[in-house]
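Trainee: my questions concern the predicted model and sequence given below.
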Amino acid sequence: MEAVEAACASFAVGDRILARWRDRPGCEDFDPAPVEWSGKVVSVWCPRQRTIVVRWDRRACPRLVGASLAAYPPWDLPADEAIFDVPTRIATTARRRTAPAPTTTAPPTGPSVELHNAAPPDPSTPQDLRVEGAQSEHAADDDDTAPHGDPDDDPVDFEELVAAWTGAPGTYPEEALSPFRRGNGIPLPAIAALKGSDLRAFAAQPAPPMPPLVQAGLVTTTRQEHLRTLRFLGTLPPEYDDVPLPLAIIMATERTAAERKWRHATTMKKLATAQGALALLPAYRCSPPVLLTQCPLWRQAMRAAGIAARQELPKQPKPASLAQVKRVLALEPCLPTAAAIILAWMTAARTGCVLQLDRQDVCVNPDKSLSVRFRRGKGARIRGPYTVHTSPLETPMLRRLERWLASRRAQLFASTTSGDKIRLALRRVDKALEQRSLRRGALQALARSPNITDEVLMLFSGHTQVATLRRYLSWGTAATHTQAVMAQHRAL
């Protein structure tokens, strides 16, 4: 090993290395075939750990296990498992860089030997952990940016950010682990070894056959959104190939958000969709799951996106009023569409849940009120089947609804009655109305009643927290003054 270590100490950063090794006879899983690995040195010889750090060419390295960036020789090399030959330097005719090296983010490699040889600092003495020359350089940066405000407010240069990860391997290395069969006992999440190029490989895999029970675990719209996200991730430009997979997704999402001027809530939704799609990757592609939550940088990005989404004003639909609903019903010639609008308004339910009702789920009581049982839809998926008891209906509404109920036997609405028809009927009265306007307007109408408490409102809305309910009703926002009107009504 002395000759191997002496040869390793002669390598410099950027040198190409050829390492040959073979199994020692008598070891477990003995294979007599010699193994050759090639790679690039990214960290010089460390006298304390007695290793260098190499980024191995994974495709040209048979039997490579673990991260591509690893220590050589391994820290816990068992003498009875492998025999290592003296590594040699691979001559290169020309060095090619795919991107300019960063000037301020990469730590200098010169004083690494001195840092390894230095004695440990006195714990009682304050230490300046910055490298030599960093103080004056950072001071100059502070002087340059001080007149212009916070440098974090400057627009992000995505090309420079990507180049910092692709042009300087080893600048932000993952944990340097032994790539050999036994490893060194330090756990490393699989996400640390994945790069942006792996997204293209995942997207190219065929779709596996799935049992209906697995497919039923998600609604159709969520599955479709996951598939769209996987197609987007599979078409990322080659500049992200060498970027760690979580950061490649973050950078691509940020760039798209800046180009399309997304709201923070949209950015948060896209990141969450990517996280869910990759976690369920075996359901969409013949690939193992990718757990982005194992990456601390991804968790930080999700936390920042969530904070930004909560700080912006919610973009909520305009609530419909009772007068507008009456005008919509007067102008709507289609009986099933009018019946769906009546049920959505009286129960404060989602139109998607209303359209999945059966005839037996709707009961007209003697006092002209309704008892509606919801067994399908988003609300029932979250809290299980539930029944809504409404207030008495006005006679015109009740007569129109009873006409439609009398004509149905099993399913209350056919597939021809859709959310698009409901939205079209609402926009005959007000172009700003949409399907969600019915539910939000009905809840706000209930909130104006003096005898309705927050607990009763949450039974109608399905919210589990008062803060979420009030956010939905615009309490505490500058979007409208409806909350003040509601408070006045409830105080009377």
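Mentor: That came in fine, so what should we check first? Numbering: from 1, shown residues only.

Trainee: low-confidence regions, the stretch 51-200 of the chain specifically.
Mentor: Applying pLDDT under 70 to the stretch 51-200 of the chain picks out residues 65-67, 74-80, 93-190.

Trainee: report all helices and strands that the lengthiest strand in the chain contacts.
Mentor: Secondary structure of the chain per DSSP state E: the longest strand is strand 35-46. On a contact count with 3 or more C-beta pairs under 8 Å, 6 or more residues apart in numbering; DSSP states H and E, strand 35-46 meets strand 16-23, strand 51-56, helix 112-117. For glycine as for every other residue, the C-beta is placed from the backbone atoms N, C-alpha and C.

Trainee: so how far is the longest one from its chain's centroid?
Mentor: By that I understand strand 16-23. On the basis of C-alpha atoms, centre = their mean, to the nearest Å, strand 16-23 sits 40 Å off its chain's mean C-alpha point.

Trainee: pLDDT on the longest strand of the chain, on average?
Mentor: For strand 35-46, mean pLDDT is 87.

Trainee: buried residues in that strand?
Mentor: By 16 or more other C-beta atoms under 10 Å, the buried positions in strand 35-46 come out as Trp37, Gly39, Lys40, Val41, Val42, Ser43, Val44, Trp45, Cys46.

Trainee: how much space separates Gly306 from Ile342?
Mentor: 38 Å (C-beta to C-beta, to the nearest Å).

Trainee: those two: which is more packed in?
Mentor: A count of neighbours by other C-beta atoms under 10 Å puts Ile342 above the other of Gly306 and Ile342, at 24 against 15.

Trainee: isn't the more buried one up against Leu401?
Mentor: Yes. Because the distance of 5.1 Å satisfies C-beta atoms under 8 Å, Ile342 is recorded as touching Leu401.

Trainee: need the residues touching each of the two.
Mentor: With contacts defined as C-beta atoms under 8 Å, 6 or more residues apart in numbering, the residues shared by Ile342 and Leu401 are Leu393.

Trainee: about what we covered before: distance from the chain centre to the longest strand of the chain, please.
Mentor: In terms of C-alpha atoms, centre = their mean, the centre of strand 35-46 is set 34 Å apart from its chain centre.

Trainee: for the helices and strands packed on strand 35-46, could you give me JSON lines that also reports distance to Ala82?
Mentor: Converted to JSON lines, the helices and strands packed on strand 35-46 look like this (distance: least, C-beta to C-beta, whole Å):
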{"stretch": "strand 16-23", "distance to Ala82": "5"}
{"stretch": "strand 51-56", "distance to Ala82": "15"}
{"stretch": "helix 112-117", "distance to Ala82": "25"}
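
Trainee: turn the ones you listed into CSV, including mean neighbour count and distance to Leu335.
Mentor: Output for the helices and strands packed on strand 35-46, formatted as CSV (neighbours: other C-beta atoms under 10 Å; distance: least, C-beta to C-beta, whole Å):
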stretch, mean neighbour count, distance to Leu335
strand 16-23, 18, 78
strand 51-56, 22, 69
helix 112-117, 12, 80
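
Trainee: now the strands for the stretch 251-400 of the chain?
Mentor: Remark: strands assigned in the stretch 251-400 of the chain by DSSP state E, counting those that start in this stretch are 362-364, 370-374, 386-389.

Trainee: how about residues contacting the last one?
Mentor: By that I understand strand 386-389. Under C-beta under 8 Å, 6+ apart, the answer for strand 386-389 is Thr347, Ala348, Ala349, Ser369, Leu370, Ser371, Val372, Arg373, Phe374, Gly379, Ala380, Phe460.

Trainee: wait, doesn't the third one sit right on Arg436?
Mentor: It stands for Ala349. No. Assessed by C-beta under 8 Å, Ala349 is found out of contact with Arg436, at 11.3 Å.

Trainee: what about those two, which has more around it?
Mentor: Set Ala349 next to Arg436 and count neighbours by other C-beta under 10 Å: Ala349 wins out with 25 against 17.

Trainee: so the more buried one versus Thr416, what's the distance?
Mentor: Per C-beta to C-beta, Ala349 is found 20 Å from Thr416.

Trainee: kindly report the same for Leu424.
Mentor: In terms of C-beta to C-beta, Leu424 sits 13 Å off from Thr416.

Trainee: who has more neighbours out of the two?
Mentor: The residue with more neighbours, out of Leu424 and Thr416, is Leu424; 13 against 9, by other C-beta under 10 Å.

Trainee: coming back round to it: out of the strands of the stretch 251-400 of the chain, which one sits most buried?
Mentor: strand 370-374 (a mean of 18; mean count of other C-beta atoms under 10 Å).

Trainee: name the nearest residue to Leu469, sequence neighbours excluded.
Mentor: Spatial nearest neighbour of Leu469, excluding adjacent residues (C-beta to C-beta, 6 or more residues apart in numbering): His463 at 4.3 Å.

Trainee: repeat for Lys315
Mentor: Using C-beta to C-beta, 6+ apart, the nearest residue to Lys315 is Arg263, at 6.6 Å.

Trainee: contacting residues for the one you found?
Mentor: Residues in contact with Arg263 (C-beta under 8 Å, 6+ apart) are Ala309, Glu312, Lys315.

Trainee: wait, isn't the last one in contact with Thr266?
Mentor: By that I understand Lys315. No. Checked against C-beta under 8 Å, the pair Lys315 and Thr266 is beyond contact range at 9.4 Å.

Trainee: which of the two has more neighbours?
Mentor: Taking other C-beta under 10 Å, Lys315 and Thr266 do not tie; Thr266 has more neighbours (17 against 9).

Trainee: from what I can see the more buried one touches Ala272, true?
Mentor: No. Thr266 is beyond contact range of Ala272, at 10.7 Å (criterion: C-beta under 8 Å).

Trainee: against Gly39, how distant is Asp242?
Mentor: The gap separating Asp242 from Gly39 is 14 Å, by C-beta to C-beta.

Trainee: turn the contacts of strand 386-389 into JSON lines, including distance to Leu69 and pLDDT.
Mentor: Output for those, formatted as JSON lines (distance: C-beta to C-beta, whole Å; pLDDT from 0 to 100):
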{"residue": "Thr347", "distance to Leu69": "58", "pLDDT": "89"}
{"residue": "Ala348", "distance to Leu69": "56", "pLDDT": "88"}
{"residue": "Ala349", "distance to Leu69": "54", "pLDDT": "88"}
{"residue": "Ser369", "distance to Leu69": "69", "pLDDT": "90"}
{"residue": "Leu370", "distance to Leu69": "65", "pLDDT": "90"}
{"residue": "Ser371", "distance to Leu69": "64", "pLDDT": "91"}
{"residue": "Val372", "distance to Leu69": "60", "pLDDT": "91"}
{"residue": "Arg373", "distance to Leu69": "59", "pLDDT": "91"}
{"residue": "Phe374", "distance to Leu69": "54", "pLDDT": "91"}
{"residue": "Gly379", "distance to Leu69": "49", "pLDDT": "82"}
{"residue": "Ala380", "distance to Leu69": "49", "pLDDT": "82"}
{"residue": "Phe460", "distance to Leu69": "56", "pLDDT": "81"}
